[in-house]
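A.B. asks: sequence unknown, structure follows:
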């Protein structure tokens, strides 16, 4: 194995699953998969299999956790015991707690929580099978589930990791690349506002690599954005008919504060061209 | 041991403790054993030693668990750490949770819960020493404790297990028979209504054996019913004097819905005669 | 080791750290160490390093724990995981629970809780480093923190252990003496009222030794009382200016009930002179 | 489960329809909803099954591991059945430790498998008293619309049927993994059938609405020889001995039907 | 524990009676209620005792097991004392983890036994640093009417006195059970006596009502040589040094009385 | 964390000041408060540090122990980072299990150390698959006034730098302690720098008040080679790619400053 790995980069470096450095794993997203939930989505991203369910806006229990002037977004990332090897306990781990927090922080900018005082929107994510990048896949499913619930959104949120593996920056790490690589950086992005709403990173990279890695991940997010919209198409059509073209469009207009113009430049030059050639 | 067991059935099969197949273990029931409880009973059934205490009807805490139109019956089956060998943790197990649930379901049909809106009746059972059949013994004690608390009842509830051991259907399994036998079936019964209110079973039996086993257990329940009434006699007398003969009788009249006539037939032919002869 | 120990008492018995039998370990107390707390104190007593923080009187949550006619004093004794060797879990142990209870009972007599209906005063103690006698050191810090919070007190509470080690009664046991000695007796005392408000003991002592041990500990408490007052001096001065000399003095007047005269005698003859000479 | 008037109206409506021999969704009293079982659809567990019974949706994963045997059976493997009520499955289900109903569900499914001696526990021993193979059966509820016991029981049997456990070799008390796997052999194929009583009628495969207004419930688990392996009665109501007999008869017929679908899926 | 006016009236009444040298139930200040101790009445635990002190009713079970020693005493057995406030014992006691009072009860009884060196812990070692015998003392409260410490302390001593522990043999670090048992030898017989202060009076063996209105409490545990083994003061009140001395004297007399009843029961 | 009007006024005030390039306490936007680090001030832990950053006050203890390795790294020691929000530190902090924020704090500090490969985990193995040395890093918050991540990260590095772990010797699979200790060697010195966004401005070393009204937060951890080891964005706001770049630049400068103080303290 180590021999193979050493030889590979020499001439025709390729990823363990044959992908190009900036190529996503196969993605499949389906919305409206749960009859009981207000909104839901199922995602397969690589070998990840994840279901997101959205309930709300609804009354919050216990009431003391609600806010008088705005709604609360609650997220819960949870892994099925059989989603990983070896089996894990169904009790939430500290990792689950943290991912639930960053998921909430990354989805909240897309919502109009000020419209739901004293209420809660619950986003529950169940990992049925885990590959690398469960949190990004979860965010992708959660964003689609929120839209599926008919909850007005400023934009969808799209998520994808980038990282470094065998000295190269790569997009959308699989499980093996995640564990054996030099670094991993999950990113979530709202394309309309050019805003990164999730950013974590772990590993060793130069500052330049780090910045390039962000751009690579953002590019991945943009591709996923299209897949998410595709999954929602039918739903959108229905919503438009119901609520009228104008209202639906209005909800996806950028808010005054974020200024997409400023952020334009780095996003346009974010192709890691030197890596791509190898 | 296995030799002995093989030989025994040959001629004079008898149970490990010398009982006949349809013979109960010695039972002793005493009511009013706890000064603080509203009602209580102590039972020895075989080597089981169990105390049941009843509190209520009383206000329910937390209030959100109460029901606006009827009372709630809460049951808790709990084993002392020293009631079994090896010692067990005092924390409730999943088994305890399930037994608490089926106990509640089996006692509730005997009560007039609609009379106690927003209230709770608590039935707490403490296993001081466990032999086979703790849940049935617990139900027997709990029913007497409910009556001892002066809570009007449609009927007492009597419980007894039957099962299969060395190919034979037997009544009221002891610990060894329970563990080594082919099947175990705890049953609770309200004789006045000919209603089975607890029925669980585990093992391997033909459908015919299963049906016969129910009848055998029901017969055991009827015998226990008499012992329970005996234990309550003094108490009943007192209650009658207090509340007047008419009222007390009225409370034990069958409710309109259950139709005892229909159920009469199977109950009269329920002697497992072929087994008895061996 | 055991050889050494046997030889030592022979001629010039002295304690493991060279102290005299009735000598305290070095004590340092500082008040007002926590910017956020309403009152606080840091104590070093031997190698103990302990911080006490006081919050309140403040509204109590959950409300059902509050009392309509008086305030509630809540104490929490807690050890940092690294305060002992080996590391301990941060979850509270049964020992922590008990010490929290006796701390509350020993501080409460010094307060005017009837002045704070429906409120709570929280005393939180964090053991940063544990030597023998953490509970006494904690009480000393807590009392100073209460005074530092400006909460009117009938008297300070001073605490010190005494015990028996190698057949001799000694004051203020260090860790080694605590673990290897024959007995340990933590005592808290309110000098103005000559009241023992904490008294625990564990070991083997004759009744006479036990009584003598109480007196020895009380004497230690009196010495600590002076150190506590010293630590509070500046604060007291400030409080007097604010509230007026009269009010401040009034609060430290003994309550009618306790009768200091009666208790005077034993306290004056409580020097264990025969031990001191060895 | 009831919240006053709404529930009483629902109850009245359902009861009236059931009296006519039909159900709210048009089914006959003793008719199951569409049952779909998919197996081997997960890669991490040793065995897996997805069951859709009407709108009830459960995933069952079978995983193995190495653990410690019980004191009284030092040479036998250990099977653990666990049920998880995920909060995506129903608006009233909340994250947190399993509610009592989930505990009962797991125990009833467990009891059916155990009583029928589905697994040869003695084949799963490794080092006597020290190490045995564990078989975890996790029942994961994705969407709730009633009759979880039957759906999970079928799912557990399907998942176990497809499970391939890693093989270990034991050398001087040390357990090491081989790279081989071995199909888990099942000795029986028990199926749970749950009947629900509404008024004086019995129905099978109740929906969430029907369960909400039911008087009581009885689950009968039978193996392929038509032997009864487990019974669980619940709900605050009694059954006559005749009713029990009737339920066993119905269950016995229905079990054959469901077992055929399970076996076709594996 | 107080709820306002009712409690203050009760307090007033009890205090007035106590001032006259009598109790609500007619007892003298320093008089115990009827104390009944029954031993060997359970078959599962290695030792057992049932104690009725007036209407307070506790069951004590002593069970042994095999466990791991503490790091700093690798060759000594481990004794664990645990108290359970069962919900049958009092209307305000609820199921769940032990309340703080139960923790204190267990620790005070434990401390008395441990300080008096009742058990030879070193006799309970098996494999150094690996396996030792555990002795669990479970205090099970069946009905609560005050003075649990004295009742449980007497019950624990009685139960330990009757305990017969299984004997083990150790061969090359492996522990196997023999079929023999061995009487647990006790090296001391400590008895806890609890005094309660109401106003300026001290009483022994307080009822639940008396404890509800008490100012403070002091427990003194003494062994048969009249040595003090443990003291525990509680309640939001202080004692003078003289009062402590007085309490020790009373406890010393009462301990003899109770110990005689314990020893007569075993 | 906000409670309506008060919070909105506070927010307005802080935002206005920040727009002028200053802070409520007079600092510049990119200026840290006074940072004091004291090491080796505790005797029980193997390493210790006390950090005061303005009024934020944390104690870090590093303790070692013996534990079991993870299944997938049988020869590597285990580092555990744990954060404790003590109730003395803030009026709203309550005793009990760590809140989500404490979990995140511990994980972010942990990730920085782990990603930078600060410890040679393989040097901490003892018996393959059985026993390894554990390194516990406990972050103990004594007083809270914002920016705990930077304070704890600096404290953890300082405490690890001063740690001396006991040496063990392994003979035939048995671990015994020698009386020697060995300085823990660190392979990197990562420092976390946290920037907070208020309106359109970024500040470093936010106080509790500033954190209460902030829009978002980003922590960047860098080692002495100016490599990035970890990033953690939080708060319900997004950052542009340019803003991220800017934050990395600022963090890179500030890390040098803080690292110098940490290294001077050890």
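C.D. replies: Ah, there it is. Here the structure is a predicted model, which is why all the values come from computation and not from measurement. Numbering: from 1, shown residues only, chains lettered A, B, ... in the order given.

A.B. asks: My read is that residue D:234 contacts residue D:217, right?
C.D. replies: Yes: the criterion here is CB atoms under 8 Å, and residue D:234 meets it with residue D:217 at 5.1 Å. Where you see a C-beta, it was placed from the backbone N, CA and C, and this is true even at glycine.

A.B. asks: of those two, who's got more company?
C.D. replies: Taking neighbours as other CB atoms under 10 Å in any protein chain shown, residue D:234 and residue D:217 compare with residue D:234 leading, 24 against 20.

A.B. asks: And the residue nearest the centre of chain A?
C.D. replies: Per CA atoms, centre = their mean, the C-alpha nearest to the average position across chain A is that of residue A:159, at 2.8 Å.

A.B. asks: what about the nearest residue to residue D:50 once chain neighbours are set aside, distance to residue D:190?
C.D. replies: Spatial nearest neighbour of residue D:50, chain neighbours left out: residue D:38 (4.5 Å); criterion: CB to CB, 6 or more residues apart in numbering or on different chains. According to CB to CB, to the nearest Å, residue D:38 stands 21 Å off from residue D:190.

A.B. asks: Tell me which of these two has more neighbours.
C.D. replies: It is residue D:190, of residue D:38 and residue D:190, that has more neighbours when counted by other CB under 10 Å, with 28 against 14.

A.B. asks: for the more buried one, what are its contacts?
C.D. replies: D:112, D:113, D:115, D:116, D:118, D:153, D:157, D:221, D:222, D:223, D:229, D:230 (CB atoms under 8 Å, 6 or more residues apart in numbering or on different chains).

A.B. asks: Can you tell me how far residue D:155 is from residue B:95?
C.D. replies: Taking CB to CB, one finds residue D:155 at 23 Å from residue B:95.

A.B. asks: More neighbours: these two, which one.
C.D. replies: It is residue D:155, of residue D:155 and residue B:95, that has more neighbours when counted by other CB under 10 Å, with 31 against 13.

A.B. asks: On the three-state scheme, the more buried one is what?
C.D. replies: Under DSSP: H, G, I helix; E, B strand; the rest coil, residue D:155 falls in the helix class.

A.B. asks: need the contact list for it.
C.D. replies: By CB under 8 Å, 6+ apart, the contact list for residue D:155 reads D:37, D:49, D:50, D:51, D:58, D:59, D:60, D:139.

A.B. asks: Grab the nearest non-local neighbour of residue 147.
C.D. replies: The chain I'm using is chain A. Residue A:147 sits nearest to residue A:232 (CB to CB, 6+ apart), 5.3 Å away.

A.B. asks: not what I meant, chain D
C.D. replies: residue D:205 (5.0 Å).

A.B. asks: Wait, the one you found touches residue D:150, no?
C.D. replies: Yes: in this structure, residue D:205 sits in contact with residue D:150. The criterion is CB under 8 Å, and the distance is 6.5 Å.

A.B. asks: list the residues that contact both of the two?
C.D. replies: D:32, D:53, D:194.

A.B. asks: which one among the residues you listed gets closest to chain C?
C.D. replies: Distances from chain C to the shared contacts of residue D:205 and residue D:150, taken as CB to the nearest CB, are shortest for residue D:194 (41.0 Å).

A.B. asks: now the helices for the stretch 151-266 of chain D?
C.D. replies: D:208-213, D:241-265 (DSSP state H, counting those that start in this stretch).

A.B. asks: Chain C: which of those is closest?
C.D. replies: Across the helices of the stretch 151-266 of chain D, closest to chain C is helix D:208-213 (CB to the nearest CB), at 32.3 Å.

A.B. asks: pLDDT below threshold where in the stretch 101-250 of chain A?
C.D. replies: For the stretch 101-250 of chain A, the stretches flagged by pLDDT under 70 are A:234-250.

A.B. asks: Residue of it closest to chain B, please.
C.D. replies: For the stretch 101-250 of chain A, CB to the nearest CB, closest residue to chain B: residue A:120, 17.4 Å.

A.B. asks: what about that residue, which helix or strand?
C.D. replies: Assessed by DSSP states H and E, residue A:120 sits inside strand A:119-129.

A.B. asks: repeat for residue A:159
C.D. replies: strand A:158-165.

A.B. asks: who does that strand pair up with?
C.D. replies: Note on strand A:158-165: by DSSP bridges, its sheet partners are strand A:168-171 (antiparallel), strand A:183-190 (antiparallel).

A.B. asks: For the shortest one, what is the distance to the chain centroid?
C.D. replies: Same thing as strand A:168-171. How far strand A:168-171 lies from its chain's middle: 18 Å, per CA atoms, centre = their mean, to the nearest Å.

A.B. asks: The following helix or strand past it near chain D anywhere?
C.D. replies: Where DSSP H and E defines the elements, the next helix or strand beyond strand A:168-171 is helix A:175-180. No: against chain D, helix A:175-180 shows no contacts by CB under 8 Å from any CB of the partner chain, the least distance being 10.4 Å.

A.B. asks: could you say what helices and strands helix A:175-180 packs with?
C.D. replies: strand A:158-165 (3 or more CB pairs under 8 Å, 6 or more residues apart in numbering or on different chains; DSSP states H and E).

A.B. asks: hang on, residue D:230 packs against residue B:204?
C.D. replies: No: using CB under 8 Å, residue D:230 makes no contact with residue B:204, being 9.7 Å away.

A.B. asks: Can you report how many residues neighbour residue D:74?
C.D. replies: Other residues close to residue D:74 by other CB under 10 Å number 14.

A.B. asks: and residue D:56, what are its bridge partners?
C.D. replies: Going by DSSP bridges, residue D:56 forms beta bridges with residue D:53.

A.B. asks: Could you list the contact residues of the stretch 51-200 of chain D toward chain A?
C.D. replies: So the stretch 51-200 of chain D meets chain A at D:55, D:57, D:59, D:61-63, D:65, D:82, D:84, D:86-91, D:95, D:136, D:138, D:140, D:142-145 (CB under 8 Å from any CB).

A.B. asks: from the residues you listed, which ones fall inside helices?
C.D. replies: Assignment to helices by DSSP state H places none of those there.

A.B. asks: Which members of the residues you listed occur in strands, if any?
C.D. replies: Of these, the ones assigned to strands by DSSP state E are D:57, D:59, D:61-63, D:65, D:82, D:84, D:136, D:138, D:140, D:142-143.

A.B. asks: Hmm, which of the residues you listed is lowest in pLDDT?
C.D. replies: Within these, residue D:65 has the lowest pLDDT, namely 94.

A.B. asks: and residue D:56, how far is that from residue D:41?
C.D. replies: 17 Å.

A.B. asks: separation between residue D:103 and residue B:60?
C.D. replies: Going from residue D:103 to residue B:60 by CB to CB gives 22 Å.

A.B. asks: What of residue A:32?
C.D. replies: Per CB to CB, residue A:32 is found 40 Å from residue B:60.

A.B. asks: so who does the single nearest residue of the stretch 151-278 of chain A relative to chain D touch?
C.D. replies: The minimum distance from the stretch 151-278 of chain A to chain D, using CB to the nearest CB, falls at residue A:175 (10.4 Å). Shown in contact with residue A:175 (CB under 8 Å, 6+ apart): A:46, A:47, A:130, A:131, A:132.
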